[in-house]
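>>> give me the fold of what follows.
(4 chains)
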There are 2 protein chains.
Amino acid sequence: MIQELTQSYGHLFENELLEEINQVGTFKELPEGFKLIEIGEYIKSMPLLISGAIKVLREDQDGDELLLYFLERGDTCAMTLSCCLGQTKSEIRAIAELDTKLVMVPIRKMEEWVGKYRTWRNFVFESYHNRLMEMLEAIDSIAFMKMDERLLKYLHDKVKVTSDIMVHTTHQEIAYELHTSRVVISRLLKNLEKLGKIKIHRNKIEVIDRH
Amino acid sequence: MIQELTQSYGHLFENELLEEINQVGTFKELPEGFKLIEIGEYIKSMPLLISGAIKVLREDQDGDELLLYFLERGDTCAMTLSCCLGQTKSEIRAIAELDTKLVMVPIRKMEEWVGKYRTWRNFVFESYHNRLMEMLEAIDSIAFMKMDERLLKYLHDKVKVTSDIMVHTTHQEIAYELHTSRVVISRLLKNLEKLGKIKIHRNKIEVIDRH
DNA sequence: AACTCCTTGTAACAATGGTTACACAGGCTT
DNA sequence: AAGCCTGTGTAACCATTGTTACAAGGAGTT
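Next up, the predicted model:
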């Protein structure tokens, strides 16, 4: 696992820290769709992403979902981190968006390293920063954008995360993640198709106007 | 200033740290309405709240606003912190909601203390945690609640922050902070009044059904 | 009292998004 | 081919929110 760690985190951490991570961390490969964290669960370790992507979702009391953001290579989940330190339950759900490789690090070590390694500390702070910025972006989308814009942004984001202009999703799934109904998504997708921004296929959408 | 610091932060920090804060920090009293931070500004110091409250707002390109959350005694602004460490511009606007006392601490010190004081480190992490949770709450409100629920929540939050069941605000101001129009707010307030949850006065709203 | 400014009330209408209901198409199994 | 399941298209309708326009009230000033 050490070479994969070095590849993704070598520019951030010194060898000593990489070595420690290698020793206490557990390497995992998750298939697409695998649920890492469920709302209400206690969390015992923290993921360091090597490859693939994780989507982070919020849910309300009625079970309505909303996509918050994606984690990619070099990211960690500050929300997890936050919950760990506070010993609180997870407020979010995390699901592998793609086949994903990552290293799970026990919380205890994580705290120890914050005191021990400056680079780790910076990494943790930067992670918090990134997550805050992504939350802001999520808020912007919901608060200021209309559904058709949100939909297009959603598709572009998916294209970026998966590196594939074909978004393999059903209208119903999109509806869940944007917290709206399938009918609305079908309607708006049809419009986007008329505008030449996408092409609708069965079980997948081709994004044409990426930018 | 040391006694005010001790009062608000004595249970968190050791005397040595309190002493340091006392030496490098600047004590400030801000009148209600004072703008601490504007979007796009660079930030050079970090606020530690002693008393009063700060409201934190987000704005989109068209100048439309949205209230994110309040900071109160014992809080600091993780967003500020985040921007400091990353040397990026502020993504938010911060305005004194009440007459407010606080201590401004230069960034440099702040970073130094993260390495030096365990208690400070914990404080900073906890602050990040709290801010993330408040962002989640904001997202929940916008994504899952209808405008009348959001309005009632807004009023209850104001009551809590100001410790006053009279909310001294115009309908227009509320409309700005919830990112809707004055007419909508007037309409929904009238409804809430009919339901006996509030009483509408000129320039202020009496919240009856607090819980 | 007359005037002015700010705030609130209200009606009428438009736009967006949510709901229900149903038809139909594609792909798979039997 | 017949049957089935899932996914998509579409119409009709409703609810919520946003917009425009105007009336009127409260408070202070002249």
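
>>> up against DNA strand D, what does chain A have?
A:170, A:171, A:172, A:182, A:183, A:186, A:187, A:189, A:190, A:200, A:202, A:203 (Cβ under 7 Å from any atom of the strand). Yep, even glycine has a C-beta here, placed from its N, CA and C like the rest.

>>> excluding its backbone neighbours, what's nearest the second one?
Same thing as residue A:171. Nearest residue to residue A:171, sequence neighbours excluded (Cβ to Cβ, 6 or more residues apart in numbering or on different chains): residue A:185, at 4.5 Å.

>>> pLDDT at the one you found, what is it?
pLDDT for residue A:185: 98.

>>> next: residue A:209.
pLDDT, residue A:209: 72.

>>> that one: how many residues sit nearby?
Residue neighbour count, defined by other Cβ atoms under 10 Å in any protein chain shown, stands at 12 for residue A:209.

>>> wait, a strand at it?
No - in this structure, residue A:209 is coil, not part of a strand, as judged by DSSP: H, G, I helix; E, B strand; the rest coil.

>>> surely it meets residue A:197?
Yes - counting by Cβ atoms under 8 Å, residue A:209 does reach residue A:197; the two are 4.1 Å apart.

>>> returning to what we had before: mind listing what's buried in the host helix or strand of the residue nearest to residue A:171?
Per DSSP states H and E, residue A:185 falls inside helix A:182-194. By 16 or more other Cβ atoms under 10 Å in any protein chain shown, the buried positions in helix A:182-194 come out as A:184, A:185, A:188, A:189, A:192.

>>> can I get it in PDB, CA atoms only?
Backbone C-alpha positions of helix A:182-194 (Å, rounded to 0.1, in the frame of the first residue of the first chain) are rendered in PDB as follows:
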ATOM      1  CA  ARG A 182     -38.800  12.200 -11.200                       C
ATOM      2  CA  VAL A 183     -41.400  14.000 -13.400                       C
ATOM      3  CA  VAL A 184     -39.700  17.300 -12.800                       C
ATOM      4  CA  ILE A 185     -36.300  15.900 -13.800                       C
ATOM      5  CA  SER A 186     -37.700  14.300 -17.000                       C
ATOM      6  CA  ARG A 187     -39.300  17.600 -17.900                       C
ATOM      7  CA  LEU A 188     -36.200  19.600 -17.400                       C
ATOM      8  CA  LEU A 189     -34.000  17.100 -19.100                       C
ATOM      9  CA  LYS A 190     -36.200  17.200 -22.100                       C
ATOM     10  CA  ASN A 191     -35.800  21.000 -22.200                       C
ATOM     11  CA  LEU A 192     -32.000  20.700 -21.900                       C
ATOM     12  CA  GLU A 193     -32.000  18.300 -24.700                       C
ATOM     13  CA  LYS A 194     -34.000  20.800 -26.900                       C
END
